[in-house]
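1. Need a 3D model of the sequence below.
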Amino acid sequence: MGLRALFRRKRKDLILRTTEHKRAKDELRKSEARYRAVVNTAPDAIITITPDGMIRSFNRGAEHIFGYRAEEVIGQLFTLIMPERFREQCMLGLQRYLERHESQVIGSTTELIGLRNGGSEFPVELSLGEVHEDGDWLFAAIIRDITERKRVEEELRLSEERLRGLADAAFEGLVISDRGIILEANQALLDILGRTPAEVIGRSILEFVAPDYRDPVRQNILSKLEEPYETVGLRKDGTRLDLEVRGKAISYQGQSVRVTAVRDITERKFLEQRLRYQALHDLLTGLPNRTLFMNHLSNALTRTGKRRRRVAVMFVDLDNFKFVNDTLGHHAGDELLVTISERLRACLRFEDTLGRLGGDEFAILLEDLADESEATGVAERIIEQLRVPFTLSNYEVFVTPSIGIAFNGSGQESPEDILRDADVAMYWSKREGKARYQLFEPSIEAQSTERTRLEHDLRRALERDEFRLYYQPVVGVDSGRIMGMEALVRWEHPERGLVLPEKFVPLAEETGLIVPIGKWVLREACRQAKEWQERYPSEMPLMVGVNLSARQLEHPGFVAEVEEALRDSRLDPRTLTLEITESAVVKDEERNIEAMRRLEALGIRFALDDFGTGYSALAYLRRLPVGLLKLDRSFLERVGEEAETEVLLSGVISIASGLGLYVLAEGVETPEQLALVKSLGCDLAQGYYFSEPLPNEALVEVLHLERQGTYLGEAKA
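-> Below you'll find the model as predicted:
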């Protein structure tokens, strides 16, 4: 190859090398430009630092984060951008790397506190690496402002704390579990189980469930049941707890788990059981109440239908219980009921059912009877047991039973039918003399139906204005003049005609209807008496006597009712006599006497009616505000039959007169009886010898004749 060719070739190679070098420099320049563009557009701070800690470069991200321009910090120590308390530590870290080449400095990420231009601090995340620039070895620091992240983390932490606080403050136990293993538990659950966190976390839920309930709970967990269910848990001390549980699948810390709410319902279950017991038992005696008794009776009838055996129901009502309750108080009455229930139980077999239906009414269910004699034998034992006196509050009291017995028949009777039949038989037993038993018979039912119909009509009689007052004159024994009238109620039934008091007054007393009926009688008698007094004026105005029942006297508003009747009729209270019996007073002696004294203060007089049929304690009369003693007609009926009767009658009249009481003899029907009571010193007399009870129209004629000078006593003489 010639020299010229060699020269051209070398020249060509030089040109190529120069071109390649120039291209490489251009590429490098472009790469650096791209790098600087990337660095300057990065949101994080990217800072290069010399080994002696001087800032070599400071990108736009750094300018934005720290608030400095690049020219303000280049050539300054990098500790300029951190609080003073961290500067020494950072310089020592760089020195250790330079001296010992400790690798944990390079490539590590750490959280520090940055310092902005102006002095405000903020959290940063620092990553440190190595770079080479123009032959120099440098540190490259990438710094990220983590203020927002820290805020979010703090909010999350606070939220978790709040949630934990709410969970721990919750009344329900809360459990987070994975396949039955407990991951988290709140304080309420720990309190329910009596456990610490270490004793619960990581253990199976089933360990805290009573063994006999674990299989159902396991199935509920596996089936992911979300409906509430009940189970029984175990405390650390072995105590069993009634629990209500409901669970739900949730996402927790990136995994699917089950959150379970646990509520201790032990107290609620106890209360429910207590309420069920109270709903089915009499709280005083602990016996089945009507509802439970009827349930037992229904089951017994079902069983009996299969075995073809007899079932008997006994309805037991206590005679004289109200008297004991009223005189000795409700506490003594309750004590008596408990003792009676014990005696009744002692008369029965273990399989028999004794129930209390309410008040002083008991019911007995006898099953699997061969014949009726087994039931009547039980009734006889009960009557014998209750003959033995009861000692209550240092008093000896006697209470007897009236018993009705009904049997199942064709197998078609309902429990209500049999109990009703036993009740009907009991009522008949009481009506026939008490302290006895009565088997149910259809004829009894017919009479009971009649009584029910009568009660229904009686309740409507006031509304229909069916009551009438008849008046029987009271005559002065010496003068023969009419001194007053006794008001006697009659019932003018639209179908039965005139019904006498003995047919409906006992029923009215029993049902309480005597109170409104008695109020009507009082108002009507006062009105009529005022009319007589105005029509037939005299120096001694006609008196009117009104019979008073025990129920009326016990009624809280009775005194006000009397005052109202006097006010409306304008009757002088001194011409009104209220007639009571001894037994009516002693039922609630103190309260009744107080009511009588209030009425006496108005001027009203009281008469003790039917004297000799009750307690007949003359000394007792000193306590009562009574001005008139009405001798029962039985005294005169026995005169001539019993020799001592006349002596007794004379003594009673003498003592009553000595106490300052007027004496009225009831039942005077013959001239001889009138002569007798006159000779013994009676003041007043009443009876068919003078006049039967008369309606007002007929009585007006009698009063008119008297004003003309014809007296009843004289007319009969």
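2. Which residue is the nearest non-sequential neighbour of R218?
-> Counting by C-beta to C-beta, 6 or more residues apart in numbering, L206 is the residue found nearest to R218 once chain neighbours are left out, at 6.2 Å. For the C-beta atoms, the positions are set from N, CA and C on the backbone; glycine is no exception.
3. Run a quick neighbour tally on Q278.
-> 11 (other C-beta atoms under 10 Å).
4. again, but for the one 10 residues further on
-> The burial count assigned to P288 is 21, neighbours taken as other C-beta under 10 Å.
5. Who does it form a beta bridge with?
-> H281 (DSSP bridges).
6. On the three-state scheme, the residue nearest to R218 is what?
-> Three-state assignment for L206 (DSSP: H, G, I helix; E, B strand; the rest coil): helix.
7. what about it, distance to I192?
-> Between L206 and I192 the distance is 16 Å, computed by C-beta to C-beta, to the nearest Å.
8. ok, the two, which is more surrounded?
-> Set L206 next to I192 and count neighbours by other C-beta under 10 Å: I192 wins out with 22 against 14.
9. so what pLDDT did that one get?
-> What the model reports as pLDDT for I192 is 88.
10. hang on, it in a helix?
-> Yes. The assignment for I192, made by three-state DSSP, places it in a helix.
11. Please give me every residue in contact with it.
-> Residues near I192 by C-beta atoms under 8 Å, 6 or more residues apart in numbering: 173, 233, 235, 241, 243, 262, 264.
12. Please parse this structure into its domains.
-> Domains of the chain are assigned by automatic domain parsing as 1-35, 42-145, 151-269, 281-440, 463-716.
13. Distance to T449 added to those, as JSON lines?
-> Below are the domains of the chain laid out as JSON lines (distance: least, C-beta to C-beta, whole Å):
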{"stretch": "domain 1-35", "distance to T449": "116"}
{"stretch": "domain 42-145", "distance to T449": "97"}
{"stretch": "domain 151-269", "distance to T449": "47"}
{"stretch": "domain 281-440", "distance to T449": "9"}
{"stretch": "domain 463-716", "distance to T449": "14"}
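14. between the ones you listed, which gets nearest to A446?
-> domain 281-440 (9.8 Å; C-beta to C-beta).
15. Identify all contacting residues around stretch 487-496.
-> Against stretch 487-496 from outside (C-beta under 8 Å, 6+ apart): 457-458, 461, 464, 466-472, 498-501, 503-505, 517, 521, 524-525, 528, 544-547, 693.
16. Nearest residue to the middle of the chain?
-> Taking C-alpha atoms, centre = their mean, the centroid of the chain lies closest to L275, which sits 8.9 Å from it.
17. Tell me which helix or strand that residue sits in.
-> Using DSSP states H and E, L275 sits within helix 266-280.
18. And for V313?
-> Here V313 is assigned to strand 310-319, by DSSP H and E.
19. Mind giving me the packing neighbours of that strand?
-> helix 290-307, strand 361-369, helix 372-387, strand 400-407, helix 415-431 (3 or more C-beta pairs under 8 Å, 6 or more residues apart in numbering; DSSP states H and E).
20. swap the cut-off to 6 Å and go again
-> The contact analysis (3 or more C-beta pairs under 6 Å, 6 or more residues apart in numbering; DSSP states H and E) places strand 310-319 against strand 361-369, strand 400-407, helix 415-431.
21. Between strand 361-369 and that strand, find me the angle.
-> Angle between the axes of strand 310-319 and strand 361-369 is 160 degrees (criterion: axes from the mean of the first three to the mean of the last three C-alpha atoms, to 10 degrees).
22. tell me the average confidence for whichever helix or strand comes after strand 310-319?
-> Using DSSP H and E, the helix or strand that follows strand 310-319 in sequence is helix 321-328. Averaging pLDDT along helix 321-328 gives 81.
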